[in-house]
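Trainee: Provide a 3D model corresponding to the input given below.
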Amino acid sequence: NISSIPPFKNYTTLTINFLIHRNNMEYLDIYDEKGNSLGIKKPRKEAHDKGLWHKAVHVWIVNSRKELLIQKRSPLKENYPNMWDISVGGHISAGDDDLITTEREIKEELGLKIKSIDLIKIGTVRRMTKQEGYINNEILSIYIIKKDIKLEQIKKQDEEVSEVKLIPYKELQEIIESED
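Mentor: Residues are numbered from 1 along each chain as shown. You can find the predicted model right below:
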């Protein structure tokens, strides 16, 4: 729906392309709260409007110096703009699996090509978050990648990521523990 796009004044071509793309319908497979497929797919927006359970992936990239790669979400993001986040994350589109999604999201967000053999699955978590007009009921597959990546290797997708940095995991843990 083009009417939901803000006025074009002062927008770059990149921003305009992102806003138009954001309005395209991405479909998600829908599950019950235990992760059993319901055999239906719904548009992503509807899944979030109604709080339907769907799947997503989270990826943590850690190097040999025990630093985590974290990303700052783009100011264009609908949820949690300008907030620091995990290395990579994304919804699993209808018909895809977590490995396909993980490889795709790493390539899209960071411009890195990672092989599925580099992915270490550490678990699955159910997460429920709610903001005004947005209910996110996700079943997350969580992966770690142990790899030394230089920040110069990263070609971030500006629509998704505004900044990346490496942070010692102990420092990140202290920051998290100091938050309410």
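Trainee: what's the single longest helix in the protein?
Mentor: Criterion DSSP state H: the longest helix present in the chain is helix 98-110.
Trainee: what's the model's confidence in that one, averaged?
Mentor: Averaged across helix 98-110, pLDDT comes to 95.
Trainee: Would you mark the buried spots in that helix?
Mentor: By 16 or more other CB atoms under 10 Å, the buried positions in helix 98-110 come out as Asp98, Thr101, Thr102, Glu103, Arg104, Glu105, Ile106, Glu108, Glu109, Leu110. C-beta: built from backbone N, CA, C; applies to glycine.
Trainee: do the same with stretch 86-97
Mentor: Those would be Ser87, Val88, Gly89, Gly90, His91, Ile92, Ser93, Ala94, Asp96, for stretch 86-97 by 16+ other CB under 10 Å.
Trainee: Keep only those of these that are in helices.
Mentor: Per DSSP H, the buried residues of stretch 86-97 never map to helices.
Trainee: Okay, and which of those map to strands?
Mentor: Val88, Gly89, Gly90, His91 (DSSP state E).
Trainee: Please, where are all the helices along the chain?
Mentor: According to DSSP H, the helices that the chain contains are 13-22, 44-50, 98-110, 169-178.
Trainee: Dump the ones in strands among the buried residues of stretch 86-97 to CSV, plus pLDDT and distance to Lys121.
Mentor: Listed next are those as CSV, based on pLDDT from 0 to 100; distance: CB to CB, whole Å:
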residue, pLDDT, distance to Lys121
Val88, 96, 14
Gly89, 95, 15
Gly90, 94, 16
His91, 95, 17
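Trainee: Quick check: of those, which lies closest to Ile176?
Mentor: Ile176 lies nearest to Gly89 out of these, by CB to CB, at 16.6 Å.
Trainee: Without its sequence neighbours, what residue ends up closest to the closest one?
Mentor: Once flanking residues are discounted, Gly89 sits nearest to His58: 4.8 Å by CB to CB, 6 or more residues apart in numbering.
Trainee: contacting residues for that neighbour?
Mentor: If you count contacts by CB atoms under 8 Å, 6 or more residues apart in numbering, His58 has them with Ile86, Val88, Gly89, Leu140, Ser141, Ile142, Tyr143.
Trainee: got those as JSON lines, with distance to Gly35 columns?
Mentor: Formatted as JSON lines, the contacts of His58 follow (distance: CB to CB, whole Å):
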{"residue": "Ile86", "distance to Gly35": "21"}
{"residue": "Val88", "distance to Gly35": "21"}
{"residue": "Gly89", "distance to Gly35": "18"}
{"residue": "Leu140", "distance to Gly35": "11"}
{"residue": "Ser141", "distance to Gly35": "10"}
{"residue": "Ile142", "distance to Gly35": "14"}
{"residue": "Tyr143", "distance to Gly35": "17"}
